[in-house]
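Dropping a prediction and its sequence here:
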Amino acid sequence: MPREQHDYDDIPGTFVFDAERSREGYGINMFCMSLMKDENRKAFKANEAEYLKKFKLTPEQTEAVLKRDYNRMLELGGNIYFTAKLGATDGHSFQHLAAVMTGSTQPDYADMMLKGGRSVEGNRSRSGKNTPAKFLAAGAASKKAAAKRKAPAAKPKAKAKPKSKTAKRK
Amino acid sequence: MAKIIAGVGSSHVPAIGAALDNGKTEEPYWKRVFSGFEKSQAWMRDTKPDVAIIVYNDHASAFSVDLIPTFALGCAAEFPPADEGWGPRPVPVVKGHPALASHIAQSVILDEFDLTICNKMEVDHGMTVPMNLLFGKVDKDAHWPCPVIPLAVNVVMYPPPTGHRCYMLGRAIKKAVESYPDDLRVVIFGTGGLSHQISGPRAGLINSKWDKNFLDNLSKDPQRLVKIPHIDYMREAGAEGIEMVMWLIMRGALDDKVDEVYRFYTVPASNTAVGHIILENRKRSAARKPATKHKRAAARAKVQRIRS
């Protein structure tokens, strides 16, 4: 059965961990949870494919884990707080994982964060819904109606950072 | 009667805890973050609450995907720090307040909030990092300055409770606390956020404009925040930024009108925008009896006369 479509599927570069993914990804996440224990980390490292058999993953999920394809793991029901434990088992910092998921290098990713992070401009929607949310458009001003009319004027502020392309692609 | 005297909003970035535990607080990167909490720690020392209620979320520590409770209240006598894969954080065991916690549970369930009760629970950085930021570094063998009631909210699996639901739970908690017979002064924490996304190709997203608006409205017009749909949080503030709904439980537990006594905001700590706010309920005497205003003015005038 194909995945049910939701409003949040329109957000680029994002796999929302919803109830459906939670069900599908149960095996991946419980596998990652098992890595909290040192003896399990050792057993996994000794024979990864064999260790994974205990968790009834689909062939696609197994492949994603073995290849350390973190985005694919998220797509197939993994959750970032769980998959981060796999990263830690490999001895990687969280920022390393973030860089891998964004198709960037760790120094470049760290630099982007120091400069204020990835801009939301150009990164809101796959289908061009790039108007800021109502809550932002109205700002903190009391004259809501007037502010709403002004909202589109905020658009030219958008600075499409080159890095945002990575997110758009997905 | 117990009462909630103030609310604290604070991020709970794990890297902040790691920086503290590994003695990195003086490094310029981390000093920028920690220095923003110096005044808050002084405020907390002066305020000396009897109990803190801390709204936070678990990060695959106490709860895996076996059980995903939407709201889970810690009623135990103590909550050990969880081993998050690197050994438990070197912080004291968190002492609970089982009597007030079970009173709250009973009251809010009858007010139609179907809480999960946790009589045994470990707590992770989601709770202990904000505690360090507000109470300062506390030696593992020492004691936290006050007992804590943890309220864990599911913000890991979509959908988390709506902002409105969170705000109304805050209201119910306020009512519950105010019906507790002992004179306890309670501070409530909302933790998590602010804008951040740590998953997928869009990881690294920060939206400072959103964060500022959120903090402004939290002080002055929280009714605008309770209407924000989940899709807006995720689009604008990042897939994980949705955890900001937890701040609305804190806000709901305060009076309608509050005084913002402190705010701090910086980008980044690791992958996240750090936000912090302290909101105080106005003193009851001033709010209820306008007459005291005149008395105060008279007192001030008297002081001025003496000075002159």
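Cool, the structure landed. Residues are numbered from 1 along each chain as shown, chains lettered A, B, ... in the order given.

Next, count neighbours for the residue lying closest to B:Y180 once chain neighbours are set aside.
If you skip the residues right next to it in sequence, B:Y180 has B:A2 as its closest partner in space, 4.0 Å away by C-beta to C-beta, 6 or more residues apart in numbering or on different chains. All C-beta atoms are positioned from the backbone trio N, CA, C, and that covers glycine. Per other C-beta atoms under 10 Å in any protein chain shown, the neighbour tally for B:A2 reads 20.

So which residues of chain A form helices?
Listed in chain order, the helices of chain A (DSSP state H) span residues A:19-24, A:26-34, A:38-46, A:48-52, A:59-67, A:70-75, A:80-89, A:94-101, A:106-114, A:134-137, A:144-150, A:164-169.

before we move on, the earlier item: got a list of what the residue nearest to B:Y180 touches?
With contacts taken as C-beta atoms under 8 Å, 6 or more residues apart in numbering or on different chains, B:A2 has the following neighbours: B:51, B:100, B:177-178, B:180-186.

mind giving me TSV with those residues and columns for secondary structure and pLDDT?
Formatted as TSV, these follow (DSSP: H, G, I helix; E, B strand; the rest coil; pLDDT from 0 to 100):
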residue	secondary structure	pLDDT
B:V51	strand	98
B:L100	helix	98
B:V177	helix	98
B:E178	helix	98
B:Y180	coil	98
B:P181	coil	97
B:D182	coil	97
B:D183	coil	97
B:L184	coil	98
B:R185	strand	98
B:V186	strand	98
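
Can you tell me which of the helices of chain A is nearest to B:L279?
Each of these was checked against B:L279 via C-beta to C-beta, and the shortest separation belongs to helix A:134-137, namely 19.4 Å.

mind saving the C-alpha coords of that closest one as CSV?
Included here for helix A:134-137 are C-alpha records, laid out as CSV according to Å, rounded to 0.1, in the frame of the first residue of the first chain:
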residue,chain,number,x,y,z
LYS,A,134,0.4,33.5,9.0
PHE,A,135,1.8,33.8,12.5
LEU,A,136,4.9,35.3,11.0
ALA,A,137,3.2,37.4,8.4
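
is it up against chain B anywhere?
Yes. Residues of helix A:134-137 contacting chain B under C-beta under 8 Å from any C-beta of the partner chain: A:134-136.

Who wins on neighbours among those residues?
Counting neighbours by other C-beta under 10 Å, A:L136 leads the residues of helix A:134-137 next to chain B with 23 neighbours.

For B:R235, see how far away it is.
Computed as C-beta to C-beta, to the nearest Å, the A:L136 to B:R235 distance reads 10 Å.

same thing with B:V267?
Using C-beta to C-beta, B:V267 is found at 19 Å from B:R235.

picking up where we left off before, now the helices of chain A as JSON lines including mean pLDDT?
As requested, the helices of chain A are exported to JSON lines (pLDDT from 0 to 100):
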{"stretch": "helix A:19-24", "mean pLDDT": "97"}
{"stretch": "helix A:26-34", "mean pLDDT": "97"}
{"stretch": "helix A:38-46", "mean pLDDT": "96"}
{"stretch": "helix A:48-52", "mean pLDDT": "98"}
{"stretch": "helix A:59-67", "mean pLDDT": "98"}
{"stretch": "helix A:70-75", "mean pLDDT": "98"}
{"stretch": "helix A:80-89", "mean pLDDT": "96"}
{"stretch": "helix A:94-101", "mean pLDDT": "96"}
{"stretch": "helix A:106-114", "mean pLDDT": "97"}
{"stretch": "helix A:134-137", "mean pLDDT": "84"}
{"stretch": "helix A:144-150", "mean pLDDT": "43"}
{"stretch": "helix A:164-169", "mean pLDDT": "42"}
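
Now B:T266: which helix or strand?
Element membership for B:T266, per DSSP states H and E: strand B:258-269.

which parts of that strand are buried?
By neighbour count, with 16 or more other C-beta atoms under 10 Å in any protein chain shown as the criterion, the buried positions of strand B:258-269 are B:258, B:262-265, B:267-269.

Could you pull up the residues touching the residue nearest to B:Y233 when sequence neighbours are not counted?
Of all residues not flanking B:Y233 in the chain, B:I242 sits nearest, at 4.3 Å (C-beta to C-beta, 6+ apart). Contacts were defined as C-beta under 8 Å, 6+ apart; by that measure B:I242 touches B:155, B:158, B:160, B:230, B:233-234.

of the residues you listed, closest to B:N217?
Nearest member of those to B:N217, counting by C-beta to C-beta, is B:Y233, at 13.4 Å.
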